[in-house]
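Colleague: What shape does this take:
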Amino acid sequence: MTRRTNWIVMVIILLGVIGFVTTLVSEPLWLLKQIAIYAAIAGLIYLIYRLVSRREMGKEQSSYLKAAKQSKRRFDDRSNKGSNVRNISQVKKTKKASAIKKKKQQPSHLTVIEGKKGKKKNRAFF
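Modeller: Predicted coordinates:
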């Protein structure tokens, strides 16, 4: 059955290529116009899809963007600390600022979920 469907697919693709080449040779301007129309329709459908999907995401998407921004900020802070050579007065200022910053940090939103690792299952093995 799979060989039969492979041949059918190959014949359809071959007929499509033959039709495309024939149209390209006989009426190239009409072909370009059709391609432009199909591209415009596809672009319009894509824009409508993006608009609808953005509305559906709502709170989830905004939460994700907020988390991504925080993660990027943390990564940038870590990468900048090791690369710059600073004088002593700048280091003292940043230590004071980081102490204030640590006090203002929000607690982690992650929680620990207790599992059942210690309990043994009561099953009969066959």
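Colleague: ok, so what distance separates G16 from V9?
Modeller: G16 sits at a distance of 11 Å from V9 (criterion: CB to CB, to the nearest Å). In short, each C-beta sits where N, CA and C put it, glycine included.
Colleague: ok, now I48?
Modeller: From I48 over to V9 the distance is 31 Å, taken as CB to CB.
Colleague: just checking, what packs against the biggest helix by length in the chain?
Modeller: In the chain, taking DSSP state H as the definition, the longest helix is helix 28-57. For helix 28-57, the packing partners by 3 or more CB pairs under 8 Å, 6 or more residues apart in numbering; DSSP states H and E come out as helix 2-26.
Colleague: what does the helix it packs on rub up against?
Modeller: Helix 2-26 has contacts (CB atoms under 8 Å, 6 or more residues apart in numbering) with W30, L31.
Colleague: angle of it against helix 28-57?
Modeller: 120 degrees (axes from the mean of the first three to the mean of the last three CA atoms, to 10 degrees).
Colleague: what about helix 2-26, average pLDDT?
Modeller: Confidence for helix 2-26, expressed as mean pLDDT, is 90.
Colleague: again with stretch 43-53
Modeller: Throughout stretch 43-53, pLDDT has a mean value of 90.
Colleague: follow-up on the earlier one: quick one: buried residues of the longest helix of the chain?
Modeller: Buried residues in helix 28-57, counting neighbours by 16 or more other CB atoms under 10 Å, are absent.
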